[in-house]
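In: Predicted model, plus sequence, below.
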Amino acid sequence: MSPFPDLAILDRLRAARPLIHCVSNIVAANDCANVLLAAGASPMMAQCALEAEAVTAASRATVLNTGTPDEGRFGLCRLLARCAGKQGHPVVLDPVGVGTSPWRLSEVRALLEETPPAILRVNLGEALALLGDSGREQGVDGGGGDPASRRASALALAERCRCAVLLSGPEDHAAWDGRVYRIEGGSALTGYVTGSGCMLSVLCGAFAAVADTPGEAAVLASAFWKTCARRAEQSAGGRGPGSFRAALMDAAYTLTARDLAEEARITTV
Amino acid sequence: MSPFPDLAILDRLRAARPLIHCVSNIVAANDCANVLLAAGASPMMAQCALEAEAVTAASRATVLNTGTPDEGRFGLCRLLARCAGKQGHPVVLDPVGVGTSPWRLSEVRALLEETPPAILRVNLGEALALLGDSGREQGVDGGGGDPASRRASALALAERCRCAVLLSGPEDHAAWDGRVYRIEGGSALTGYVTGSGCMLSVLCGAFAAVADTPGEAAVLASAFWKTCARRAEQSAGGRGPGSFRAALMDAAYTLTARDLAEEARITTV
Amino acid sequence: MSPFPDLAILDRLRAARPLIHCVSNIVAANDCANVLLAAGASPMMAQCALEAEAVTAASRATVLNTGTPDEGRFGLCRLLARCAGKQGHPVVLDPVGVGTSPWRLSEVRALLEETPPAILRVNLGEALALLGDSGREQGVDGGGGDPASRRASALALAERCRCAVLLSGPEDHAAWDGRVYRIEGGSALTGYVTGSGCMLSVLCGAFAAVADTPGEAAVLASAFWKTCARRAEQSAGGRGPGSFRAALMDAAYTLTARDLAEEARITTV
């Protein structure tokens, strides 16, 4: 266990209640807003180019989710990334299902090159697609691989994209500047809640708004979400994913910085 | 406690099961449909200009929610407001986050001037933005202020917009024609359920479809929702906002007119 | 009880975990994705013409939901139906609220004629609208009629559209090639969960991906969903529709092929 990161940042998040602007999708928008509220942040889903400057100026982080994309969505994401760059506040990119089509892949790559995010949050299938490997995704909720390959993919992607990468899976890997943290715990039921990765991405945004570095925010968001999932499984997992999903929100609201310090399982690998 | 309003209107709502047409947003659409079903109404989310006349003719109230707006949304809202005017049925306007950008504010103002709604449902930040005050909103879920300032804002806004205003917060204020009702109760957990204000707005539409006046509908919807929240907190609040949210829907379904008459806390102020 | 269908297909579904591409709507998209995950399939909601070919090639069934339609939606549905035809994989059509407007009716009819789906999933109001009868829908969640009229409507619609029809209601009727199966059980609370019909439609897609015939898939999806609803009512129905909804997802996850064989109520009528 490393002394890094400072888990008391959860208290700072709840004291600051930062406004997080999220470009979301029709599947996960509701859950993303609720998990931000539960964790202690304040969500905003404006998603219109006409408001891009005003909304970015009022918020403390921007989370770009490219799920269920259309032609206008990527233009909006590029605009918001530029606005956030001017404000100097962190951007989290969640390239949902980036390997779904050549069009989606090229749009995400253009976005990554034009304005690298502070944090890139992916699963293994998305990481492999961005790295140009042949890993075919199984939907957008895909897992697969083993811890060593997930670690290597996170590290390679962080180097390629020059940002912090949070690669989520059975265990998460947060990589930046040649370092990798592994965050364990969680619950297999997370794979049965659609948008659980999208929710992790908006949590990255919330922690990035108050953390010292994007890497620290990625580790904290991951540890927070893994701990919520483990608690939700204990309280409701026996009933199934419908009860588990409500329990996830309950856990995000009730988890304290002290709980997190005791229960988070973070190691350098 | 005033003898007004007639809380037995809840029975009339459930007997009539009015069709309520809602322009919604990607965050709250599902919860808005479910709360209408639970309360006893029938939701319709058509949202296309090509169907505006047919849908308005088939429904008994129209609820316009301008959250997550884009350029087409306000045009649609204006069209639907005109269609509803021709039908002579009530319109509820929920100008979500109206202070987010100058564009959103000017669009909402144009809508309010062209076709004043029967009920304008806002929180304090939205009221202040519409009144031209400098209150900066904290996201779209913002509270703030004190009861006296919320009362004054509701009254001023009702006079300005020439309609019934329901200003929701720790306690709600319903104002029209120089009168103000205060509705108390509820739960602080409501602030941790995204779209709880949007849900209150569609409930205003449901009650407006069967009430004698918009003001009465606003008071009833507020009292209904506050009572649901208090009951949901009692049954599930200890677990957190995920459980509380499901309990809100349960309460909206199980609450009877007799319960409402006993538990509603309505006063003139 | 007929020996048909093979209820062990639920095991085949969970082993194959087929990717199901869904065009969804802002009300039901989240629940549709979650019910597919719970049942054992893998959801994909891409919904962009630029990805139509790639997404259809990667998936094993396509579910077209025409709720909350706009001008682009029907064009996308037609494109996806053609792509699915080239792949030779099954299409499920859910013409939500097809009687809402003449525009919606004509668009759905054009879609049905151009590329008949494998399964058409409707409620009685939608069936009557497609058959040209005067049944006025009550919202999109409408029931009404009696078992005999629902049976007759399913049979007539199957003949008219040359596909399997699943007409859901207090009891479901699956009709094709002059045969009709009735599936009983379920819960009246299903009518208080918005999108419960949309969820049944995506389940039709999941079973169609692994069943021998569309008719068999329709019967299986119906029996699965009715059994989930009955179980959810037993475990949570006393609390109300919010708890019932979470319990539906729990049931979809925990129900085994053996449970389904014991509890499904399927008869030929």
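Out: That came in fine, so what should we check first?
In: CA only for contacts and neighbour counts going forward, please
Out: Will do.
In: In the stretch 101-250 of chain A, where is pLDDT below threshold?
Out: Along the stretch 101-250 of chain A, the model assigns pLDDT under 70 to residues A:133-144.
In: quick one, strands of it?
Out: Applying DSSP state E, counting those that start in this stretch to the stretch 101-250 of chain A gives strands spanning A:119-123, A:164-168, A:172-176, A:179-184.
In: Paired strands for the second one, with orientation please.
Out: Pointing back at strand A:164-168 there. Taking DSSP bridges as the criterion, strand A:164-168 forms sheet pairs with strand A:119-123 (parallel), strand A:172-176 (antiparallel).
In: distance of the residue nearest the centre of chain A from residue A:125?
Out: Nearest to the geometric centre of chain A sits residue A:201, at 1.9 Å (Cα atoms, centre = their mean). Applying Cα to Cα, to the nearest Å, the value for residue A:201 to residue A:125 is 16 Å.
In: Next: residue A:37.
Out: According to Cα to Cα, residue A:37 stands 29 Å off from residue A:125.
In: and the longest helix along chain A with chain C, contact?
Out: Longest helix in chain A, counting residues (DSSP state H): helix A:214-236. No. Against chain C, helix A:214-236 shows no contacts by Cα under 8 Å from any Cα of the partner chain, the least distance being 10.2 Å.
In: pLDDT of stretch A:29-42, averaged?
Out: Stretch A:29-42 carries an average pLDDT of 98.
In: before we move on, the earlier item: would you list the strands paired with strand A:164-168 in TSV and tack on mean neighbour count?
Out: What follows is the strands paired with strand A:164-168, written out as TSV (neighbours: other Cα atoms under 10 Å in any protein chain shown):
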stretch	mean neighbour count
strand A:119-123	29
strand A:172-176	29
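In: Tabulate these in TSV, adding columns for distance to residue C:165.
Out: Shown next, in TSV, are these (distance: least, Cα to Cα, whole Å):
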stretch	distance to residue C:165
strand A:119-123	38
strand A:172-176	45
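In: Can you check which of those strands gets nearest to residue A:206?
Out: Proximity to residue A:206 (Cα to Cα) singles out strand A:119-123 among these, at 11.7 Å.
In: got the contact list for the closest one?
Out: A:90-96, A:141-143, A:163-169, A:197, A:201, A:204, A:214-215, A:218 (Cα atoms under 8 Å, 6 or more residues apart in numbering or on different chains).
In: Same question for stretch A:255-263.
Out: Contacts of stretch A:255-263 (Cα under 8 Å, 6+ apart): A:7, A:8, A:9, A:10, A:11, A:223, A:224, A:227, A:228.
In: Closest to residue B:51 out of these?
Out: Here the nearest of these to residue B:51, counting by Cα to Cα, is residue A:228; it sits at 43.9 Å.
In: how about that closest one, what does it touch?
Out: A:186, A:248, A:251, A:252, A:255 are the contacts of residue A:228 under Cα under 8 Å, 6+ apart.
In: If we use 7 Å, what do you get?
Out: Residue A:228 is in contact with A:248, A:251, A:252, counting by Cα atoms under 7 Å, 6 or more residues apart in numbering or on different chains.
In: among those residues, which are in helices?
Out: A:248, A:251, A:252.
In: Buried ones only from these, please, as a PyMOL command.
Out: Buried residues among the ones in helices among the contacts of residue A:228 (16 or more other Cα atoms under 10 Å in any protein chain shown), as a PyMOL selection:
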select buried, chain A and resi 248+251+252
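In: A strand includes residue A:43, no?
Out: Yes. Assessed by DSSP: H, G, I helix; E, B strand; the rest coil, residue A:43 belongs to a strand.
In: residues near it, how many?
Out: 26 (other Cα atoms under 10 Å in any protein chain shown).
In: thought it was touching residue A:21?
Out: Yes. Using Cα atoms under 7 Å, residue A:43 makes contact with residue A:21 at a distance of 6.2 Å.
In: Which positions in chain A make contact with chain B?
Out: A:19, A:26, A:29-30, A:33-34, A:37-38, A:42-48, A:51, A:54-55, A:246-247, A:249-250, A:253-254 (Cα under 7 Å from any Cα of the partner chain).
In: what sits against the residue nearest to the centre of chain A?
Out: Applying Cα under 7 Å, 6+ apart, the residues near residue A:201 are A:92, A:94, A:121.
In: mind pulling up the phi and psi values for the first one?
Out: For residue A:92, the backbone dihedrals (degrees, to the nearest 10) come out as phi -110, psi 130.
In: Just give me the neighbour total for it.
Out: Residue A:92 has 30 nearby residues by other Cα under 10 Å.
In: Am I right that it is in contact with residue A:65?
Out: No. Using Cα under 7 Å, residue A:92 is not in contact with residue A:65, being 8.4 Å away.
In: can I assume residue A:267 sits in a helix?
Out: No. Counting by three-state DSSP, residue A:267 is not found in a helix; it is strand.
In: on that earlier part again, hmm, which of the contacts of strand A:119-123 are the buried ones?
Out: A:90-96, A:141-143, A:163-169, A:197, A:201, A:204, A:214-215, A:218.
In: Get me the contact residues on the stretch 51-200 of chain A for chain C.
Out: Of all the residues in the stretch 51-200 of chain A, those in contact range of chain C (Cα under 7 Å from any Cα) are A:68, A:69, A:70, A:100, A:101, A:139, A:140, A:192, A:193, A:194.
In: now, which of these sits nearest residue A:111?
Out: Nearest to residue A:111 among these, with distances taken as Cα to Cα, is residue A:69, at 13.4 Å.
In: what helix or strand is the closest one on?
Out: Per DSSP states H and E, residue A:69 falls between elements, in no helix or strand.
In: what do you get for the one 4 residues further on?
Out: In this structure, residue A:73 is located in helix A:71-87 according to DSSP H and E.
In: So which bits of that helix are buried?
Out: Judged by neighbour count using 16+ other Cα under 10 Å, the buried positions of helix A:71-87 are A:73-74, A:76-85, A:87.
In: Not counting sequence-adjacent ones, nearest residue to residue A:87?
Out: Spatial nearest neighbour of residue A:87, chain neighbours left out: residue A:57 (6.6 Å); criterion: Cα to Cα, 6 or more residues apart in numbering or on different chains.
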